[in-house]
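Got a predicted structure here, sequence first:
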Amino acid sequence: MNTSEKRFRLVSGKNGIIVETKSVFLSEIHDSELAVSAVRDMAAAAGFDQVREFMTATAASELATNILRYADRGILLVSLVTGLLTGIEGLELFACDEGPGIQDIDKAMQEQYSSLQNSLGLGLPSVKNMMDDFFIESIPGCGTRILAYKWKESSSVYKITGYEDIDRVISCAG
């Protein structure tokens with residue numbers, strides 16, 4: 001299958017019912033500030049505690065920075081969602097670009113790896129660690145999509161589903 005025949009499967013709303021969405025178009029460095037502001041506003045309005053709000057805003061900043069650094073432009077959708085499996089409110093970050101894509105996702109998810117010089121290589125691994133759910137899909141030559149969730153009550157996910165680790169929750173929900 002050549003690049004033009006490949007299709008993205010990852011879409012916004014994978015694990016939640018979307019209640020409200022703010023779209024942040026990213027093309028200039030200051031647009032990452034708009035992404036952070038959108039997350040903080042939506043998290044505060046939804047009643048997130050400050051730690052969860054800060055972690056989600058930091059993840060949005062990392063995603064926006066990666067889009068601008070690697071793809072030059074893209075979009076970040078920030079959505080208030082209700083979890084399909086749990087009914088818990090959360091925030092969904094859906095980052096999408098049409099850049100060069102990631103050649104090796106496993107390598108890109110390793111801490112301290114970067115395809116660029118003068119980068120710490122902590123962006124994507126940090127986003128995965130800060131968020132409760134994390135999905136990534138990339139097609140070299142077509143772009144990258146990342147879908148991440150921060151739930152208002154993360155510990156409740158474990159109690160309701162009976163799973164001890166989030167990777168198992170992801171695989172069952174996916």
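That came in fine, so what should we check first? Numbers count the residues shown, from 1 in each chain.

how many neighbours does residue 106 have?
Counted with other C-beta atoms under 10 Å, the neighbours of residue 106 add up to 8. In short, each C-beta sits where N, CA and C put it, glycine included.

Hmm, I typed the wrong one, I wanted residue 149.
Residue 149 has 27 neighbours, counted by other C-beta under 10 Å.

Do me a favour and average the pLDDT over the helix or strand hosting residue 144.
Secondary structure from DSSP states H and E places residue 144 in strand 143-151. Strand 143-151 carries an average pLDDT of 93.

Neighbouring strands of it in the sheet, and parallel or not?
The strands beside strand 143-151 in its sheet (DSSP bridges) come out as strand 89-97 (antiparallel), strand 133-139 (antiparallel).

between these, which gets the lowest average pLDDT?
Lowest mean pLDDT within the strands paired with strand 143-151: strand 133-139, a mean of 91.

Contacts for the strand or helix carrying residue 62, please.
Assigned by DSSP H and E, residue 62 falls within helix 50-66. Here helix 50-66 makes contact (C-beta atoms under 8 Å, 6 or more residues apart in numbering) with 24, 26, 31-32, 35-36, 38-40, 43-44, 48, 76, 78, 91, 93, 95, 123-124, 126-127, 130-131, 146, 148, 150, 152, 154.

just the angle between it and strand 143-151, please?
Helix 50-66 runs at 180 degrees relative to strand 143-151, counting by axes from the mean of the first three to the mean of the last three C-alpha atoms, to 10 degrees.

any idea how far residue 28 is from residue 133?
For residue 28, the distance to residue 133 (C-beta to C-beta, to the nearest Å) stands at 29 Å.

out of these two, which sits in the busier spot?
More crowded of residue 28 and residue 133, by other C-beta under 10 Å: residue 133, with 24 against 11.

residue ranges with poor pLDDT in this protein?
1-5, 111-122, 154-174 (pLDDT under 70).

Show me the residue at the heart of it, geometrically.
Nearest residue to the geometric centre of the chain (C-alpha atoms, centre = their mean): residue 148, 3.3 Å.

Tell me if I'm right that residue 85 and residue 14 touch.
No: between residue 85 and residue 14 there is no contact under C-beta atoms under 8 Å: 11.4 Å.

More neighbours: those two, which one.
More crowded of residue 85 and residue 14, by other C-beta under 10 Å: residue 14, with 18 against 13.
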